[in-house]
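Participant: I'll drop the sequence and a predicted model, then ask my questions.
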Amino acid sequence: MFNKRTINKIKLLAKDKELRADKNWLKKTLGNLRQFMVENPGVRKRDGKSHYIVEKVNLIQSNARKSRELTLLGLKLKPMPIITSILIIAILAGGGVTTVQAQDALPGETLYPVKLVTEKAQLVFSGEEGDVKLHAKFALRRAKELESLTYQIKPTETDVELIETTATKLKEETEFSETGLTKLVQRNKDITRLALRVEEVTNNHLQILEGLTQKVPVQALSTIKKAQEASQKGQITAMEAIIKAGEKGYSQEIKPLIEERVKVRLKQTQGKAEIIKGNIKFSQGEEALEEDKTRVSGEPIPFAPSARVKQADMLIRELETSLEKEDLSKALEEIKNINVIFNELETVLPGTSSEDDSERETNVIPTEEVIIVQQDRSGLLAAECADKSYITERADYIIEGFVEKVTNETAYPFMWREGQNYNFIYTDLLIERYIKGIPFGTNRLQIVTPDGVEDQPIFHQGKRVRIYFQGTNGEYTIVCGSFGIQELIPYGDDGIDVSTNIQPGE
Amino acid sequence: MKGISKNKERELLKEANQGDEQAYAQIYEIYAAKLFRFIRFKVSSRELAEDITQEVFFKTWRYLIEPENKIKNIKAFLYRTARNLVIDFYIQKSKATLSLEDDLVSVDLTGTDSADHKIDVDLQINEIKLVLKKLSEQYQEVIILRFLDGLSISEISQILDKSKNSVYVLIHRALKVLKKELK
């Protein structure tokens, strides 16, 4: 079989020295990994009954130890509601199976209140630093619950209420965590590691919230925005705590952790800056990044977005330099300042924020998406499709943009479900410019293509493309299937350089 | 470390999911070299591939230790994380393509152990690398994952976020193009 010969040739690559990892490097990296795991210890997680027993024993031991410590010091346990006390007793008496099951419950489900009470029970014995960590952790849980609620339900009034309640709880947990952290900082405690943890967790749930602002029912938007603001503030506080800790110099153990965090945030800020610039370009035109424009929705705002984004760009460059010079405190300060700018911009830029529904509707960019749907045989190839001028002529729209996301899931994106087949690929495109056609009232397109059908275009996340499509009354199709798409050089000079055609059926 | 059974892998994953450092270190020993190769294929320098490989394991560990998270297929998760990190890198660097170019002219015919057989193998390796380079990024990926790293269709579908049918189609098409190019 010729296939076998081809496959055997591919397998030869295993012998290629250039592709082989160096043994010393492998060993050294294993050492780094072990060190990293020591610094970020894994918590034994619940895994069925056996694990529950381990948890229970740990809890009993912890309680006993804590009680001894507290008695010796002449201190009292934290005040706790009667229900919490009952729950703890119930857990110790063997009622833990329900509490274990409750950990996966979502707001509105029968076991959800048990989950919340279990959290309160954990706080009773946690200590000040533990409190901060736990509140941050619970905030992340609320964010994940919000995500599940938003993607899984068809919103009714009750569901909107659940989303709002959960968002309020998220805000409260974030504020508790932030207040606790601030108190510890004021007492000059060394909480660098804790602050790093809080910063990371807050960043994670902020990312979830940012995604949700585009998805939640409009009635719940203002509550989500408040939670988002609290999280932004919490992240900045955590960052400040890390910076303050650096005044005395970071220990050798902490330094690599901070360096790694700075690198991660640098990447993140660069990506975000591009998205914000795209938004500004779309809503205010290319020239907006050249000159100041200070009005959004007819109201004066205290700064020009274009000027602020330039300032952010400058800070990002400074951040790169600080990182090169290993000046971590300065780098952190710059990240903090960039975040402050981004947070400000999010409150004024279209499609990212608004205080109420009416304001949302008057934004330059409405939230409705334009969807291009390729049916199985739509965009069927004709001989003329090889001719670029034919495609250009047929197209009602020629748009260039950035492929933000390519996915073939429609439901809540749990990544590792097995045995599922999907029929369509969903591509989210951030519009950068129009070459032909009247601009839509949104800066985003979604392209739906049948999966596994020949001659249909395949998009690659992170690439820039030019799309030729046609349609009226909200029904759009790409002209000539895969020929109606060109891949562009990312962020080239105004996207003029067209590098390659996406091959048919790729 | 080679030749791990499915049962052993499942056992290690179960322990790693509970935050067991030893189990995770063993997972590293099993997959680090393969992941390095997968990443090395996509980036222009060995150092960069090493950095990204290390980051894959750090990132996966951070994911594992979150109480809410549980990984079902560690192999697919690691490859997917690697793929995402490479994409992140290129977005950051704003490079146009994932390139093999820098690696393609490295056949050394003057070395002391340049026996005929070795030369022949080196030439074949270089040939297959050159041909792979001509394929789209997605075709390269499925070829490497399926035939070099030996991943199942199900695992590849998880890594690429595609249905199994779609992966079958991709592999079929990639092989077809590869065969044509190798003629």
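Facilitator: All right, it came through fine. Residues are numbered from 1 along each chain as shown, chains lettered A, B, ... in the order given.

Participant: who's in contact with residue A:460?
Facilitator: A:403, A:406, A:487, B:137, B:138 (C-beta atoms under 8 Å, 6 or more residues apart in numbering or on different chains). Just so you know, the C-beta spots here come from the backbone N, C-alpha and C atoms, and that holds for glycine as well.

Participant: and the fourth one, how far is that from residue B:41?
Facilitator: Spelled out, it's residue B:137. Look at residue B:137 and residue B:41: by C-beta to C-beta, to the nearest Å, they are 10 Å apart.

Participant: who has more neighbours, the two?
Facilitator: residue B:41 (24 against 14; other C-beta atoms under 10 Å in any protein chain shown).

Participant: burial of the closest residue to that one other than its chain neighbours, as a residue count?
Facilitator: The spatial neighbour of residue B:41 that comes closest, neighbours along the chain excluded (C-beta to C-beta, 6 or more residues apart in numbering or on different chains), is residue B:144 at 6.0 Å. Look at residue B:144: counted by other C-beta under 10 Å, it has 23 neighbours.

Participant: and residue B:144, what does it touch?
Facilitator: A:10, A:13, B:38, B:41, B:132.

Participant: which of those residues fall within helices?
Facilitator: Using DSSP state H, the subset of those located in helices is A:10, B:38, B:132.

Participant: report the contact partners of the first one.
Facilitator: Okay, so that is residue A:10. Here residue A:10 is in contact with B:128, B:143, B:144, B:147, B:148, B:178 (C-beta under 8 Å, 6+ apart).

Participant: so residue B:74 makes contact with residue B:9?
Facilitator: Yes: using C-beta atoms under 8 Å, residue B:74 is in contact with residue B:9, at 7.3 Å.

Participant: neighbour-wise, which of the two wins?
Facilitator: residue B:74 (21 against 17).

Participant: what about the nearest residue to the more buried one once chain neighbours are set aside, helix or strand, and which?
Facilitator: Residue nearest to residue B:74 in three dimensions, not counting chain neighbours: residue B:13, with 4.9 Å by C-beta to C-beta, 6+ apart. Using DSSP states H and E, residue B:13 sits in helix B:6-17.

Participant: now do the strands in the chain.
Facilitator: Since no chain was named, I'll use chain A. Under the criterion DSSP state E, chain A contains strands at A:295-296, A:299-300, A:370-373, A:397-407, A:424-436, A:444-450, A:464-472, A:475-478, A:485-488, A:498-501.

Participant: and the ones you listed as CSV, adding mean neighbour count?
Facilitator: Formatted as CSV, those follow (neighbours: other C-beta atoms under 10 Å in any protein chain shown):
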stretch, mean neighbour count
strand A:295-296, 16
strand A:299-300, 8
strand A:370-373, 18
strand A:397-407, 20
strand A:424-436, 19
strand A:444-450, 20
strand A:464-472, 20
strand A:475-478, 18
strand A:485-488, 22
strand A:498-501, 14
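
Participant: how is chain A divided into domains?
Facilitator: A:261-365, A:370-501 (automatic domain parsing).

Participant: what average pLDDT does the first one get?
Facilitator: Average pLDDT, domain A:261-365: 67.

Participant: and for the longest one?
Facilitator: What domain A:370-501 shows for mean pLDDT is 68.

Participant: rewinding a little: closest one of the contacts of residue B:144 to residue A:239?
Facilitator: residue B:38 (34.3 Å; C-beta to C-beta).

Participant: correct me, but that closest one touches residue B:82?
Facilitator: Yes: proximity of residue B:38 to residue B:82 meets the contact threshold set by C-beta under 8 Å, at 6.0 Å.

Participant: residue B:81 reaches residue B:59, doesn't it?
Facilitator: Yes: counting by C-beta under 8 Å, residue B:81 touches residue B:59, with 5.6 Å between them.

Participant: spell out which residues of the stretch 101-250 of chain A are next to chain B.
Facilitator: Residues of the stretch 101-250 of chain A that fall close to chain B, judged by C-beta under 8 Å from any C-beta of the partner chain: A:103, A:137, A:140, A:141, A:144, A:200.

Participant: pretty sure the fifth one contacts residue A:208?
Facilitator: Read it as residue A:144. Yes: in terms of C-beta under 8 Å, residue A:144 counts as a neighbour of residue A:208; the distance is 6.8 Å.

Participant: now do whichever residue of chain B sits closest to chain A against residue A:148, distance only.
Facilitator: Closest contact between chain B and chain A, by C-beta to the nearest C-beta, is at residue B:19 (2.1 Å). Using C-beta to C-beta, residue B:19 is found at 23 Å from residue A:148.

Participant: those two: who's more crowded?
Facilitator: Remark: of residue B:19 and residue A:148, residue B:19 carries more neighbours, 20 against 16, as counted by other C-beta under 10 Å.

Participant: just the ones in helices among the contacts of residue B:144 now: which is nearest residue A:219?
Facilitator: residue B:38 (45.9 Å).

Participant: any idea what sits nearest the residue of chain B closest to chain A, other than its immediate chain neighbours?
Facilitator: Using C-beta to C-beta, 6+ apart and skipping the chain neighbours, the partner closest in space to residue B:19 is residue A:42 (2.1 Å).

Participant: what sits against the one you found?
Facilitator: Per C-beta under 8 Å, 6+ apart, neighbours of residue A:42: B:18, B:19, B:20, B:21, B:24, B:61, B:64, B:65.

Participant: per-residue confidence for it?
Facilitator: pLDDT at residue A:42 comes out at 71.

Participant: ok, now residue A:124?
Facilitator: 74.

Participant: one step back: would you turn the contacts of residue B:144 into TSV with pLDDT and distance to residue A:325?
Facilitator: TSV is the format used below for the contacts of residue B:144 (pLDDT from 0 to 100; distance: C-beta to C-beta, whole Å):
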residue	pLDDT	distance to residue A:325
A:10	85	44
A:13	85	40
B:38	91	33
B:41	86	33
B:132	86	40
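
Participant: many thanks, have a good one.
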